[in-house]
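> Return atomic coordinates for the entry below.
(one chain, ligands or ions: 2)
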Amino acid sequence: MSTAPLVAFSGISKTFGGVHAVENVSLDLNPGEVLGLLGHNGAGKSTLIKILSGVYPPDAGEIRLSGSPVNIRSTRDAKALGIETIYQNLALSENLDSVANLFLGREITNRFGFMDDEAMEEAARTSLDRMKLRLPSLSKLVASLSGGQRQAVAIARAVHFNARVLIMDEPTAALGPEETAKVGALIRELASQGIGIILISHDIHDVFDLADRLAVMRHGKVVGTTRTADVSKDEVLAMIIAGTLPAGMARRDH
Ligand SMILES: Nc1ncnc2c1ncn2[C@@H]1O[C@H](COP(=O)(O)OP(=O)(O)O)[C@@H](O)[C@H]1O
Ligand SMILES: [Mg+2]
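Ligands and ions are numbered 1, 2, ... in the order given. Predicted coordinates:
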């Protein structure tokens, strides 16, 4: 069995003008792991994940997937490698139903080149079942779904096409407690199937109960990474705010 991380960032740097958005970041994501990526606004979280999802090329550093170096030059490259990103706005089409949203831009066509609605509905059901996900009706317009259901459709769309890595930007920030719990259960289910998940948040409360491990960024650098079980929320807050590590945690020199 391979012990290589699913994703390994190594010495990743990115500057915009004179700003070091990301500076010499090394970080691992393991298969089946939920990693919380924390830090204040401007810490470099989005820039780091945009490098993984093919939005920006890094100025320096290397990304390995399951041990092999990869050159991700576009979002298309990233998707082909099984790296899917869900941004905060979800990018769903409000006036289409769940099935249509699932297949947006990647529709199944029959041998005559027409859209195969039956095949898409069938595939959508299989995909949702795999995630143990229930939606009231697949033919309801997305505009009429609740926040949690919309998030579920966005997640289903991302993982339907064989995602190995799922990146989510503030996935539960806009949800109430009940829906947050449901989306949390869905995230844990996907992780149990071996998908590696990065949850980005500026708020420790959004990810603390969900993440196996936490990585804190500050001024473009990783302050430290820790298993969630080994720290308190206050200790993580100190990492986020002041860049101070809990007693006994080794500081990273890069
Ligand atoms: N496209 C860009 N052009 C110029 N500066 C940027 C760009 N994207 C991010 N930055 C800067 O890089 C730094 C890190 O930003 P970002 O990665 O968005 O942080 P976070 O997601 O943690 O809030 C900030 O100083 C931000 O202003
Ligand atoms: Mg951001």
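> just checking, A119 is part of a helix?
Yes: per DSSP: H, G, I helix; E, B strand; the rest coil, A119 lies within a helix segment.
> Can you list phi and psi of the residue lying farthest from the centre of the chain for me?
Centroid-distance maximum for the chain: F112 at 36.2 Å, with C-alpha atoms, centre = their mean. Per-residue torsions, F112: phi -100, psi 0 (degrees, to the nearest 10).
> ok, which residues in the chain are in contact with ligand 1?
Applying C-beta under 6 Å from any ligand atom, one finds that the chain approaches ligand 1 through F16, V19, A21, G39, N41, G42, A43, G44, K45, S46, T47. All C-beta spots, glycine's among them, are computed from the backbone N, C-alpha and C.
> How about the secondary structure of the last one?
Translated: T47. Relying on three-state DSSP, one would call T47 helix.
> all strands of this structure, in order?
Here the chain has its strands, by DSSP state E, at 7-16, 19-29, 34-38, 60-65, 68-70, 83-86, 165-169, 196-201, 213-218, 221-227.
> With respect to burial, which of the ones you listed scores highest?
strand 34-38 (a mean of 26; mean count of other C-beta atoms under 10 Å).
> what packs against it?
helix 45-52, helix 177-192, strand 196-201, helix 204-207, strand 213-218, helix 233-242 (3 or more C-beta pairs under 8 Å, 6 or more residues apart in numbering; DSSP states H and E).
> what about F161, distance to ligand 1?
Using C-beta to the nearest ligand atom, to the nearest Å, F161 is found at 25 Å from ligand 1.
> Leaving out the residues flanking it, which one is nearest to A143?
The shortest distance from A143 to any non-neighbouring residue, by C-beta to C-beta, 6 or more residues apart in numbering, is to E94 (4.0 Å).
> got a list of what that neighbour touches?
Taking C-beta atoms under 8 Å, 6 or more residues apart in numbering, we find E94 in contact with L141, V142, A143.
> what residues are up against the second one?
In other words, V142. Applying C-beta under 8 Å, 6+ apart, we find V142 in contact with L92, S93, E94, N95, L96, D97, S98, N101, R150, V153.
> Return the per-residue confidence for the second one.
This means S93. pLDDT, S93: 87.
> gap between it and E122?
21 Å (C-beta to C-beta, to the nearest Å).
> which ones are touching the spatially most central residue of the chain?
Closest residue to the average C-alpha location of the chain: I167 at 1.3 Å, with C-alpha atoms, centre = their mean. Residues in contact with I167 (C-beta under 8 Å, 6+ apart) are I49, L52, S53, I83, E84, T85, I86, I197, I198, I200.
> what's near enough to touch the residue farthest from the centre of the chain?
No contacts exist for F112 under C-beta under 8 Å, 6+ apart.
> what about it, distance to E170?
42 Å.
> Which strand residues bridge the residue nearest to the centre of the chain?
T85, I198 (DSSP bridges).
> what's around P5, how many residues?
18 (other C-beta atoms under 10 Å).
> same thing with R106?
11.
> was I right about it contacting A123?
No: the criterion here is C-beta atoms under 8 Å, and R106 misses it with A123 at 10.6 Å.
> any idea which of the contacts of V142 has the most stuff around it?
Of the contacts of V142, with other C-beta under 10 Å as the count, S98 tops at 26 neighbours.
> Tell me who's in contact with that one.
A124, L135, L138, S139, K140, V142, L145, V153, A156.
> a markdown table for those, including distance to P57 and pLDDT?
Output for the contacts of S98, formatted as a markdown table (distance: C-beta to C-beta, whole Å; pLDDT from 0 to 100):
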| residue | distance to P57 | pLDDT |
| --- | --- | --- |
| A124 | 34 | 85 |
| L135 | 37 | 75 |
| L138 | 38 | 82 |
| S139 | 41 | 85 |
| K140 | 40 | 87 |
| V142 | 33 | 90 |
| L145 | 36 | 89 |
| V153 | 31 | 87 |
| A156 | 30 | 86 |
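> Sounds good, over and out.
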